[in-house]
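**Q** Here is my input; please provide its structure:
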Amino acid sequence: MELYRLEPAQCALLVVDIQENLMRVIDNAEEVTRNTVLLQKSANVLNIPQVATTQYVARIGPLLPAVTAELGGLTPLDKLEFDCFGNAGIAAAVKGLPAAVNTLIVCGVETHICIYQTVLGALMAGFRVWVPADAVSSRKPGNKEIGLARLREMGAVVASTEMIIYEWLRKAGSPEFKALLPVLK
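**A** Numbering: from 1, shown residues only. Below is the predicted model of the structure:
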């Protein structure tokens, strides 16, 4: 197993399908939303690019307003595929990220479907992948746990939102830490 530290300049945040109609049936939807927004706020402070997706937006609806608010005008990319990398537009958006980006932080829903298949696609495309376990979920808790187990088996790092953010920050006292402290408390 290769050891490395998360470097903000090498990371991108991929926010998958946190949509109004879908989140109504997701286990721990409030926690997933809160932690996704926290990751987004951190990404914005640390200049980490984001890519956001929707699954069949005409049927499932838009992203939650709290998630959209942290996109800085970025338009979510719609898909029918479960694997974001199976969608040409999303794959192109990821390919268009800064050349230094080799690590994706993937959050959203559902763990055992779109998150699993997207992480598999990202790993096959050569990315390192981290999944914050408290910023993903499924309709049924058992499916989330099976999905997380499979992600670990495939080589993704399963961590928590705070682990990722504090590794990005590295130390207290920096301007970035001070900017995020109010939302980290």
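
**Q** got a pLDDT number for the closest residue to L169 other than its chain neighbours?
**A** The shortest distance from L169 to any non-neighbouring residue, by C-beta to C-beta, 6 or more residues apart in numbering, is to F177 (5.2 Å). Any C-beta I mention is one placed from the backbone N, CA and C, and that applies to glycine too. At F177, the model reports a pLDDT of 94.

**Q** How about M1?
**A** 72.

**Q** give me the number of residues near it?
**A** When neighbours are counted by other C-beta atoms under 10 Å, M1 registers 4.

**Q** Next: the one 3 residues further on.
**A** Here the neighbour count serves as a burial measure; for Y4 (other C-beta under 10 Å) it reads 10.

**Q** so who does V51 touch?
**A** A12, L13, L14, V15, L74, L77, C84, I90, A93, V94, L97 (C-beta atoms under 8 Å, 6 or more residues apart in numbering).

**Q** Highest neighbour count among those residues?
**A** When the contacts of V51 are compared by neighbour count (other C-beta under 10 Å), C84 ends up highest, at 29 neighbours.

**Q** got the contact list for that residue?
**A** With C-beta under 8 Å, 6+ apart, C84 has these contacts: L14, V16, V51, T53, I90, A91, V94, C114, T118, G121, A122.

**Q** Out of those residues, flag the one nearest to G173.
**A** Taking C-beta to C-beta as the measure, G173 lies nearest L14 of the contacts of C84, at 29.6 Å.

**Q** a helix runs through the closest one, doesn't it?
**A** No. Counting by DSSP: H, G, I helix; E, B strand; the rest coil, L14 is located in no helix; its state is strand.

**Q** can I assume it is in contact with C107?
**A** Yes. Here L14 reaches C107: they are 7.4 Å apart, a contact under C-beta atoms under 8 Å.

**Q** now the top helix by length along the chain: how far from the chain's centre is it?
**A** The longest helix of the chain (DSSP state H) is helix 29-45. Chain-centre distance of helix 29-45: 9 Å, with C-alpha atoms, centre = their mean, to the nearest Å.

**Q** Mind listing residues that contact it?
**A** Contacts of helix 29-45 (C-beta under 8 Å, 6+ apart): 11, 13, 15, 18, 23, 26, 48-50, 64, 66-67, 69-72, 105, 107-109, 132, 134-137, 161, 164-165, 168-169, 176, 179-180, 183-184.

**Q** Mind checking which of those are in helices?
**A** Counting by DSSP H, these contribute 23, 66-67, 69, 161, 164-165, 168-169, 176, 179-180, 183-184 to helices.

**Q** Now tabulate those residues in JSON lines and tack on distance to A58 and neighbour count.
**A** Shown next, in JSON lines, are these (distance: C-beta to C-beta, whole Å; neighbours: other C-beta atoms under 10 Å):
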{"residue": "M23", "distance to A58": "17", "neighbour count": "21"}
{"residue": "A66", "distance to A58": "22", "neighbour count": "13"}
{"residue": "V67", "distance to A58": "18", "neighbour count": "23"}
{"residue": "A69", "distance to A58": "22", "neighbour count": "12"}
{"residue": "T161", "distance to A58": "30", "neighbour count": "23"}
{"residue": "I164", "distance to A58": "32", "neighbour count": "25"}
{"residue": "I165", "distance to A58": "34", "neighbour count": "24"}
{"residue": "W168", "distance to A58": "35", "neighbour count": "22"}
{"residue": "L169", "distance to A58": "39", "neighbour count": "20"}
{"residue": "E176", "distance to A58": "38", "neighbour count": "17"}
{"residue": "A179", "distance to A58": "37", "neighbour count": "14"}
{"residue": "L180", "distance to A58": "36", "neighbour count": "21"}
{"residue": "V183", "distance to A58": "33", "neighbour count": "13"}
{"residue": "L184", "distance to A58": "37", "neighbour count": "14"}
